[in-house]
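> Pasting a predicted model and its sequence here:
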Amino acid sequence: MNNNNSKNVRVRFAPSPTGNLHIGATRVALFNYFYSRKTNGEFILRIEDTDKERSKKEYEDNIMRSLEWLGISWNNDPYRQSEREDIYKKYILKLIEEEKAYFCFCTKEDLEIMRESQRSKKEPPRYEGSCNLLTKKEQEEKIKNGGLFTIRLKIPKNENLEFDDLVKGKVKFNTKDIGGDFVIAKSDFSALYNFACVVDDYEMKITHVIRGEDHISNTPKQIIIQKALGIESPYFAHISILLGTDKSKLSKRHGATSIDDYRKEGYLKEALINFMAFLGWHPGGEKEIYSLEEIIEKFSFENCKKSGAIFDVQKLDYINGQYIKKMTNDELASQCIPYFLNEGFITSDFTEEQYPPAYGGKIPKISYYYNGKEIFFDKISQIVSLYKERIKKISEITDMVDYFFKEDLDYNPDILAWKGSSNKETIEQLERGVNAISSIKKWELFVIEKTLLEEAEKGTNRGLFLWPIRSALSGKKASASPFEIIWVLGPEMSINRLKMAINKLK
């Protein structure tokens with residue numbers, strides 16, 4: 001095996017382009033990336049697109065774009081298995097020539113009869129090697145007569161093998177549990193997964209295979225293929241599988257979906273990386289928020305957990321919220337603007353080519369428009385700043401701030417009343433609010449707050465005064481404080497909203 005302390009560490013991420021980049025596959029990519037950067041090694045991207053029916057260019061594009069959005073870079077022009085069939089064929093022919101592999105002419109019906117016989121004897125399913133008894137001449141004759149075939153690898157009988165997994169420790173298996181001589185290629189010499197994987201890892205000089213533990217069942221076959229080809233095995237590190245909060249295998253109902261979906265929901269790439277790093281790895285200590293650089297510095301297989309990692313969306317929300325709080329108001333506004341544009345709150349003249357909102361480019365500080373009127377970036381920044389401490393993901397912002405982008409608010413007047421107060425009492429408080437706002441000379445948040453609080457103290461109950469004002473300004477039962485809303489709306493719109501509320505009550 002390659003030396004774990006090799007100066008030339010090369011890892012690979014090898015997704016199949018049969019769907020958008022999934023959260024589980026992304027975690028595998030990240031662990032490979034952490035280790036390659038920790039060791040000053042290379043991160044190789046390989047597209048395993050031999051499934052011609054399910055592999056699509058759009059999925060390949062999504063995989064690369066999602067990796068780029070996360071900041072994961074690779075050190076090569078991506079390899080594609082569909083372009084490497086001649087390489088696999090060369091190794092297959094080598095094994096046939098050395099009589100380490102052979103042509104199998106068993107049909108599906110033959111194999112089913114074999115399995116049925118084994119089931120009746122309560123034996124584990126295996127290929128019994130009947131075609132291995134054919135002479136070379138008999139094989140050639142069958143091929144000449146158009147016989148369909150696969151290519152099987154001869155495996156040692158009842159031989160103990162083991163490998164040292166960098167996460168799981170020593171893993172032992174016996175060749176009798178493999179299921180007999182297994183297929184490595186189809187009749188057109190197109191290689192199956194395990195064979196293509198072994199050849200690629202060897203040709204690409206991969207030193208460490210870091211992948212999910214659901215692949216650990218493939219490892220014995222791959223080691224047998226490596227021995228047959230006379231090549232070294234790389235180091236293996238099988239990271240724990242992802243589990244839902246109910247400890248079952250992660251599925252869509254737990255939140256298992258694509259990176260694209262998480263990005264569209266408004267999760268920040270820094271938060272996703274932080275969250276996924278801690279799924280099955282922990283450097284120790286109480287600290288929870290780590291930058292990518294800190295994760296790379298502390299990453300080691302010794303700190304990877306053997307047990308399944310719990311995928312808790314609430315934890316992701318918490319981490320994302322912490323990263324949002326650390327953003328500047330302008331940074332948060334840049335992230336929120338695509339959602340405002342999508343909801344129709346604002347419009348803009350810039351094109352998607354100038355700024356692709358889908359993949360995190362920076363919004364230029366240009367003018368936007370609300371109801372035909374210009375609204376400046378600084379005003380948008382001011383609006384979102386009110387909710388920076390409250391939101392867990394960027395997509396939540398639209399429901400929270402929609403009232404800033406409406407001329408008329410549609411709400412039930414009942415929300416204006418403080419603890420069952422009468423319409424007359426509520427109208428009196430709103431009129432006091434109109435007078436208080438009209439008296440403000442210096443438009444600064446602390447002045448607005450001081451003015452309204454002083455007015456509130458003149459009455460018998462602060463809530464009786466402030467509750468209807470806040471509800472009238474936002475049209476919501478819960479929102480930012482009335483002082484903050486007035487500060488953003490300005491005196492004219494704030495007074496108009498209080499007067500509209502008075503009219504609703506009358």
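Thanks, I have it. Numbering: from 1, shown residues only.
> Can you give me the neighbour number for residue 232?
Neighbourhood size, residue 232 [other Cβ atoms under 10 Å]: 12. In this view, the C-beta of every residue, glycine as well, is placed from N, C-alpha and C.
> Just the pLDDT for it.
Per-residue confidence (pLDDT) for residue 232: 95.
> Please tell me I have it right and it contacts residue 206.
No. If you go by Cβ atoms under 8 Å, residue 232 and residue 206 don't touch, sitting 10.5 Å apart.
> which stretches of the stretch 51-200 of the chain form helices?
Using DSSP state H, counting those that start in this stretch, the helices of the stretch 51-200 of the chain run over 57-70, 85-97, 108-120, 136-144, 193-203.
> List the buried residues for the second one?
Going back to what we said before, that points to helix 85-97. 88, 91, 92, 95, 96 (16 or more other Cβ atoms under 10 Å).
> need these in TSV with pLDDT and distance to residue 51, can you?
Formatted as TSV, the buried residues of helix 85-97 follow (pLDDT from 0 to 100; distance: Cβ to Cβ, whole Å):
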residue	pLDDT	distance to residue 51
88	97	15
91	98	20
92	97	19
95	97	23
96	95	24
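> Now find how far off-centre stretch 273-282 is within its chain.
Relative to the mean C-alpha coordinate of its chain, stretch 273-282 is positioned 12 Å out (Cα atoms, centre = their mean, to the nearest Å).
> distance between the ends of that stretch?
13 Å (Cα to Cα, to the nearest Å).
> residues making contact with it?
By Cβ atoms under 8 Å, 6 or more residues apart in numbering, the residues outside stretch 273-282 that reach it are 23, 26-27, 30-31, 34, 70-71, 239-240, 242, 288-292, 295, 299, 303-305, 308-311, 315-316, 319-320, 323.
> now it: mean pLDDT?
Averaged over stretch 273-282, pLDDT sits at 96.
> How about stretch 411-429?
94.
> Just give me the neighbour total for the closest residue in space to residue 288 that isn't next to it in sequence.
Counting by Cβ to Cβ, 6 or more residues apart in numbering, the nearest residue to residue 288 once its immediate chain neighbours are dropped is residue 319, at 7.0 Å. Residues near residue 319, counting by other Cβ under 10 Å, number 23.
> so what secondary structure elements neighbour the helix or strand where residue 319 lies?
Residue 319 is located in helix 313-326, with elements delineated by DSSP states H and E. Under the contact criterion of 3 or more Cβ pairs under 8 Å, 6 or more residues apart in numbering; DSSP states H and E, helix 313-326 touches helix 269-277.
> mind listing the strands in this protein by residue range?
Using DSSP state E, the strands of the chain run over residues 10-13, 42-47, 79-80, 101-104, 150-153, 160-165, 169-174, 182-185, 208-212, 235-239, 242-243, 309-310, 368-370, 373-375.
> Now do the same contact list for the residue nearest to residue 288.
Contacts of residue 319 (Cβ under 8 Å, 6+ apart): 271, 274, 275, 288, 289.
> Which one of the helices of the stretch 51-200 of the chain lies nearest to residue 505?
With Cβ to Cβ as the measure, helix 57-70 is the member of those nearest residue 505 (49.5 Å).
> between the closest one and helix 269-277, how many degrees?
Our comparison of helix 57-70 with helix 269-277, counting by axes from the mean of the first three to the mean of the last three Cα atoms, to 10 degrees, yields an angle of 100 degrees.
> Please enumerate residues in contact with helix 57-70?
13, 15, 17-21, 26, 29-30, 45, 47, 49, 73-74, 78, 258-260, 263, 269, 272-273, 359-360.
> If we use 7 Å, what do you get?
Residues from elsewhere that reach helix 57-70, judged by Cβ atoms under 7 Å, 6 or more residues apart in numbering: 15, 17-21, 29, 47, 259-260, 263, 269, 272-273, 359-360.
> got it, and stretch 137-152?
92, 101-105, 127, 181-187.
> Please identify which pair of the residues you listed lies farthest apart.
Farthest pair in the contacts of stretch 137-152, by Cβ to Cβ: 92 and 127, 17.6 Å.
> about what we covered before: buried among the contacts of stretch 137-152? Make that a ChimeraX selection.
Remark: buried members of the contacts of stretch 137-152, expressed as a ChimeraX selection using 16+ other Cβ under 10 Å:
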select :92,101,102,103,104,105,127,181,182,183,184,185
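> any idea how far residue 142 is from the nearest residue to residue 132 once chain neighbours are set aside?
Nearest residue to residue 132 in three dimensions, chain neighbours excluded: residue 102, at 5.5 Å (Cβ to Cβ, 6+ apart). Per Cβ to Cβ, to the nearest Å, residue 102 is found 11 Å from residue 142.
> re earlier: look up the pLDDT of the residue nearest to residue 132 for me, please.
Reading off the model, residue 102 has pLDDT 95.
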